[in-house]
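Participant: Kindly generate the corresponding structure for this input.
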Amino acid sequence: MALGAGTRRTVACLLVGLGTLLIVAALLVPTYALGQLAKTPLDLEITTVADNAPNAPSEVIDAKSLTGNGPAKVESNVHLISQRYLTVEDPSDKNQMTIQAGQTLRNIDVQGDTGLLSATIDRVTIDRKSGMPIDDDPNGSIAVDTDSNGNSVADPVQHDGLQYRFPIPTKKQTYPYFDINVRKSSDMKFVEQTEINDLKVYHFQQTIPATDLSKIVSAVANQVTLPAAKWGVPGGQNSITMDRFYTNTRDVWVEPQTGTIIKGSEQIHMFYAQSADKPQVTALKTTLVFDDNTVNSQIAIAKQNMDKLSLYGRTIPLILGIVGVIALIVGLVMGLFGGNGNGAKPGRLVKPKRPKSQPDGPDADADFERTTQQFRARDF
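Facilitator: Got it, this is the predicted structure:
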């Protein structure tokens, strides 16, 4: 059924308006939606497991040997597992989030708690987009000790670099990266672009120089005084005080669209010495690398967030744009060339023809004239 002129003009205006609205939405959705989506999710609950790398040294000092007879003993080929459980805690909102990461390092060759080498609880409040700690002082804490009831004791610590997430998007540049052992940041340098399981990632590397941990945390294990014979150095029963030093080469592989750390590796060396440049007794030496399950889980998290960014950044705007252009074109065509609803060309008056069945004569001419006048009055 043909539409009347008024109805056609109304439909044309609606289509033009709808098309314009959809085109504007197609332009705005990527800007607004990505601004909201390009943030670290608040529902993070991630467990990562790192195993000591095969064919790499894995050595740990036997703590019992420090109090027993004979020199300190360093065990070799130890099977170490590092596990980290990460959650989001309060305060967290649309702009910032507080991350809590509990991390343990275990010698799984030893049964029970005696195999626990270290346990740390780290908290930091970060910007959800940049991944950097917020400006509050303090913006975090680190707990390595417990009280008499076994509860962790957290020390306020000002964090000043990335840790668990990279910026969205991640760029090929150097970033400050925070190390919880030395409690400060140093450069995490871009190395290369590569792939892990067909996923594009950026490889970064950080080198921590030998650092005296006794000057960072006043823990018993960070400064130890023993007879020289116990340390295995000349001096017999003369007491020698050694500090525990720490050095690390850390590698991370990051999915750049979401800032997700896909894989991590740490070459840790802790040793007792009287100076940083002369290691004397190994406390810990190992290379820890994310296991396959952790890598696959991190890839799944990254792809899930990449799909969200793609949906609102490309797919939805493309659909809105195409539908909007079609509606706009149809509306313009209908408005400009759709006619006036009675089959006549726009702007042209068509005089009705006298029906063939109508008889000739004065009465017929009068009827025809009245019909013509009614036609004109109706259109104008």
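Participant: where along the stretch 251-380 of the chain do the helices fall?
Facilitator: 292-310, 316-337, 362-379 (DSSP state H, counting those that start in this stretch).
Participant: okay, now the closest residue to residue 251 other than its chain neighbours: neighbour count?
Facilitator: Distances taken as C-beta to C-beta, 6 or more residues apart in numbering place residue 265 nearest to residue 251, at 4.4 Å, with adjacent residues excluded. C-beta: built from backbone N, CA, C; applies to glycine. Each residue near residue 265 was counted by other C-beta atoms under 10 Å, and the total is 16.
Participant: Could you measure from residue 265 over to residue 286?
Facilitator: As judged by C-beta to C-beta, to the nearest Å, residue 265 and residue 286 stand 11 Å apart.
Participant: Could you do residue 103 as well?
Facilitator: Noted for residue 103: a distance of 15 Å to residue 286, by C-beta to C-beta.
Participant: quick one: which of those two has more around it?
Facilitator: Legend: neighbour count by other C-beta under 10 Å for residue 103 and residue 286, higher for residue 286 (23 against 17).
Participant: Now the residue nearest to residue 137 when sequence neighbours are not counted: which helix or strand?
Facilitator: Using C-beta to C-beta, 6+ apart and skipping residues adjacent in sequence, the residue nearest residue 137 is residue 158, 5.8 Å away. Assessed by DSSP states H and E, residue 158 sits outside every helix and strand.
Participant: give me every residue that touches residue 158.
Facilitator: By C-beta atoms under 8 Å, 6 or more residues apart in numbering, the residues touching residue 158 are 133, 137, 138, 139, 140.
Participant: do residue 72 as well
Facilitator: 61, 62, 65, 66, 226, 230, 231, 232, 281 are the contacts of residue 72 under C-beta under 8 Å, 6+ apart.
Participant: Just the buried ones from those residues, in PyMOL syntax?
Facilitator: Remark: buried members of the contacts of residue 72, expressed as a PyMOL selection using 16 or more other C-beta atoms under 10 Å:
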select buried, resi 61+66+226+230+231+281
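Participant: Tell me which residues are up against the helix or strand where residue 202 lies.
Facilitator: Using DSSP H and E, residue 202 maps to strand 199-212. With C-beta under 8 Å, 6+ apart as the test, strand 199-212 has contacts from 170, 172, 175, 177, 179, 181-182, 186-195, 243-256, 262-263, 276-277, 299, 302-303.
Participant: how does it look with 6 Å?
Facilitator: Strand 199-212 is contacted from outside by 170, 177, 179, 182, 188-194, 243, 245-256, 262, 276, 299, using C-beta atoms under 6 Å, 6 or more residues apart in numbering.
Participant: Just the C-alpha atoms of stretch 263-282, please, in CSV.
Facilitator: What follows is stretch 263-282, C-alpha atoms only, in CSV (Å, rounded to 0.1, in the frame of the first residue of the first chain):
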residue,chain,number,x,y,z
LYS,A,263,54.7,-15.4,31.4
GLY,A,264,57.3,-14.5,34.0
SER,A,265,60.8,-15.7,34.8
GLU,A,266,63.2,-14.8,37.7
GLN,A,267,66.8,-15.7,38.0
ILE,A,268,67.3,-15.3,41.7
HIS,A,269,70.5,-15.4,43.6
MET,A,270,70.7,-14.7,47.4
PHE,A,271,74.0,-15.1,49.1
TYR,A,272,75.8,-14.4,52.3
ALA,A,273,78.9,-12.2,52.0
GLN,A,274,80.9,-9.4,53.6
SER,A,275,80.7,-7.4,50.4
ALA,A,276,78.4,-7.4,47.4
ASP,A,277,81.1,-8.2,44.9
LYS,A,278,82.3,-11.4,46.7
PRO,A,279,79.6,-14.0,47.3
GLN,A,280,80.8,-16.5,50.0
VAL,A,281,77.8,-18.8,50.9
THR,A,282,74.8,-19.4,48.7
